[in-house]
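> Need a 3D model of the following:
(2 chains)
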Amino acid sequence: MQRLQASFPAIEVSDLTKVYGSGNTEVVAMRQVNLRVARGEVVALLGPSGAGKSTLLTAMGLINPPTSGRIVIGGVPVQEGPQSLVDLRAFRRHHLGFVFQKANLIPFLSALQNVQVALEINDVPPRKARRRALELLDYLGVADRAGNLPEALSGGQQQRVAVARALGNDPDLILADEPTAALDSYRGRQVMELFAKVAHERGAGVVVVTHDHRALDTFDRTFEMEDGRLRAESGVAA
Amino acid sequence: MNLAAQDIRHNLGRFALTAIGIGLLLMIVLGMSGIYRGMIDDALVVVDGIGADLWVVQRGTRGPFAEISRVPANLEDRVRAVPGVERARSFVSHSVQREHHGQPLRMTVHGLSWPEDKGGWTKLAAGRPLAQAHYEMIADASLGLGLGEQVRLGKDFYTVVGLTKGMVSSGGDGIAFFTVSDALAVQFDASGESIRLERAARFGRALGQDVGQSQPALAERGKGLATGIPALGPPQVSAVTVAVAPGIDPQAVAEVIAAWPDVSVHTRDAQEQLLVRGMIDKARRQIGLFRILLVVISTIIMSLILYTLTLDKIHDIAMLKLMGARNRMIIGLILQQALLLGALGFGIAWLLGGWVFPRFPRRVLITPGDLWTLAVVVILISVLASLVGIWKAARVEPNKVLS
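Residues are numbered from 1 along each chain as shown, chains lettered A, B, ... in the order given. Predicted coordinates:
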């Protein structure tokens, strides 16, 4: 799959709405959300539980199609309402990176292999994938734990490996869902700073859902979500 | 990177235990076919070894291995007179269960036509063939008798002079070879009291008839030895085995003998078919059904294990899908594990069976053909069993990662 145009924003969503259920059981999780994240920009989504942050994130991650609205990533329209305009799995493989509250590392693979597998999924030959995985672990400061299984890593180290894995395909957009929730404030800040570093150095757009207000200064912009609606807290809201 | 291998390495203990479990199941499947092969081989051991082209048996019967057959001992002489017959020998077969050293001793008695047949064709593992007309026996090792050991059967003691290996009847009893006369003595052994009662009854029956009343001397003979009464004749044998002369068609000889109204003739092939298709047919079908059942059970168990292994990895599979992994990578993960599980199970079944089966009371004969068949069945089972896991994995949504 070809690289996306660097001149387009990392992601642009328009009028995204997500409705679960119907009739009496209908719940509107997201209402008419508009958001644009530029390349190299780190954006935070704040808000109470049930505000719709994760719904927006998973919609942008192409794993939870919206009921209506449009998603364009790197200038490529990928979702029009519930209708997929591209092969979503292939698109995720080539252009998106994910980090979650739990690192979600594959427990039977070492730190190195967890990163390597992401590269091999992207058709990188095994030897090259291994070399690149080591570089990424080194970039994130956990190269010395490359041979360890996830269970032997601390929470912070696991998250760093997860970030390295998310970078494996050199993504255009990184989506993180409360990546610091399981970490202490020091390590939480380290991870947030890592996202900023990745965004600024690699030119990827980064969207982070967080409850953590301690490291908001690391974000270029922050948004507040409430009752499925997005509003700007600082910076420029769409 | 091979995800299946990595997963197995991480869960080696559980995987090994599972493989052992599957291996044991497959060993039973293999053992079942081995028992069947063993039964066939056991059933044919005498028919193949004795070197007879034709078996002459009681009219309408299927021969001594299938049912009771009684033919007069002098049938041997009649058969010998048929053109093309090179050799005709009496054959006796019956089962006995006696007590030996306080333990039940069950054996199939085969009587060989002394002195032409000394049992040299038997699978002798120790000792020698019969060397005298009476009181010697060749026993199969499965009977637990030793060389030189004496066994009391009826009123006489018989010395074990030879030991065979792997010569058991289709019923699984070890075969003991005697001369025909000894085999008949064992078969028709009766206590002194029963002989006296029979003589008295014979005398009574004779007196109750005109011939006995008009010829009292004849009735008196009824009180004496049975061998002294020509009308009673010698004890009957089970069959007469026939070897035709070189260049003679056994079928042609069989047609001549079959024309006699008191006997039936079976060729060697027919006798083998009777044994395989007739006598052990039910056992064959029973074992066949058990094998099918075990294969189904193995498939279900493997399916459940693979399903459980897949469930354990469901979060990881969702993560792989989220990262954009292709279906073939995920299917490969499950299928490779299934095939490896099947292959290991097969190997364990083979190795363990090789050690266990020789210790079974009945022969378990594993043929290369059965091994290949099982290997193919294992591949099919593995693929089939992996389908449930693959189905589950295919249904996993990437957003499962979030739960």
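> To what extent is residue B:320 buried, counted in neighbours?
Counted with other CB atoms under 10 Å in any protein chain shown, residues neighbouring residue B:320 total 24. Just so you know, the C-beta spots here come from the backbone N, C-alpha and C atoms, and that holds for glycine as well.
> Please read the previous query as pertaining to residue B:190.
12.
> helix, strand or coil for it?
coil (DSSP: H, G, I helix; E, B strand; the rest coil).
> Would you mind measuring from it to chain A?
Look at residue B:190 and chain A: by CB to the nearest CB, to the nearest Å, they are 77 Å apart.
> Now do the phi/psi pair for that residue.
When read as degrees, to the nearest 10, the backbone of residue B:190 gives phi -140, psi 150.
> ok, now residue B:120?
Per degrees, to the nearest 10, the backbone of residue B:120 is at phi -70, psi -20.
> gap between the nearest residue to it once chain neighbours are set aside and residue B:55?
Among residues not flanking residue B:120 along the chain, residue B:129 sits closest, at 4.5 Å (CB to CB, 6 or more residues apart in numbering or on different chains). Residue B:129 is 22 Å from residue B:55, where distance means CB to CB, to the nearest Å.
> So those two - more neighbours on which side?
Ranked by neighbour count (other CB under 10 Å), residue B:129 and residue B:55 place residue B:55 first, with 28 against 17.
> So the residue nearest to residue B:120 is in contact with residue B:119, correct?
Yes - in this structure, residue B:129 is within contact of residue B:119 by CB atoms under 8 Å, at 4.5 Å.
> anything in the strand or helix carrying residue B:355 near chain A?
For residue B:355, the enclosing helix or strand under DSSP states H and E is helix B:327-356. Yes - interface with chain A: helix B:327-356 contributes residue B:329 (CB under 8 Å from any CB of the partner chain).
> average model confidence for the helix or strand just after that helix?
The helix or strand immediately downstream of helix B:327-356 is helix B:368-395, counting by DSSP H and E. Helix B:368-395 carries an average pLDDT of 90.
> and if you look at stretch B:266-277?
84.
> Just the residues contacting that stretch, thanks.
B:40, B:43-44, B:47-48, B:52-55, B:57, B:62-63, B:65-66, B:170, B:250-251, B:254, B:284 (CB atoms under 8 Å, 6 or more residues apart in numbering or on different chains).
> Pull out the buried members of those residues.
B:40, B:43-44, B:47, B:52-55, B:57, B:62-63, B:65-66, B:170, B:250, B:254 (16 or more other CB atoms under 10 Å in any protein chain shown).
> Chain A against chain B: which residues are in contact?
A:54, A:58, A:61, A:63-64, A:89-94, A:96, A:98, A:100, A:104, A:106-109, A:113, A:116-118, A:120-122, A:126, A:129, A:149, A:165, A:169, A:177.
> between the buried ones among the contacts of stretch B:266-277, which is nearest chain A?
Nearest to chain A among the buried ones among the contacts of stretch B:266-277: residue B:40, at 47.6 Å, using CB to the nearest CB.
> hmm, who's touching stretch B:362-370?
B:30-31, B:33-35, B:37-39, B:41-42, B:166, B:168, B:172, B:353-354, B:357-358.
> circling back to that earlier point, filter the buried ones among the contacts of stretch B:266-277 down to the ones in strands?
Filtering those for membership in strands, criterion DSSP state E, returns B:54, B:55, B:57.
> could you give the angle of whichever helix or strand residue B:286 is part of to helix B:368-395?
In this structure, residue B:286 is located in helix B:281-312 according to DSSP H and E. Interaxial angle, helix B:281-312 versus helix B:368-395 (axes from the mean of the first three to the mean of the last three CA atoms, to 10 degrees): 30 degrees.
> For helix B:281-312, buried residues please.
Those would be B:283, B:287, B:290-291, B:294-295, B:298-299, B:301-303, B:305-307, B:309-310, for helix B:281-312 by 16+ other CB under 10 Å.
> Nearest to residue B:382 among these?
Ranked by distance to residue B:382 (CB to CB), these are led by residue B:302 at 6.9 Å.
> ok, the closest residue to the closest one other than its chain neighbours - how many residues close by?
Once flanking residues are discounted, residue B:302 sits nearest to residue B:385: 3.6 Å by CB to CB, 6+ apart. Here the count is done by other CB under 10 Å, and residue B:385 has 27 residues near it.
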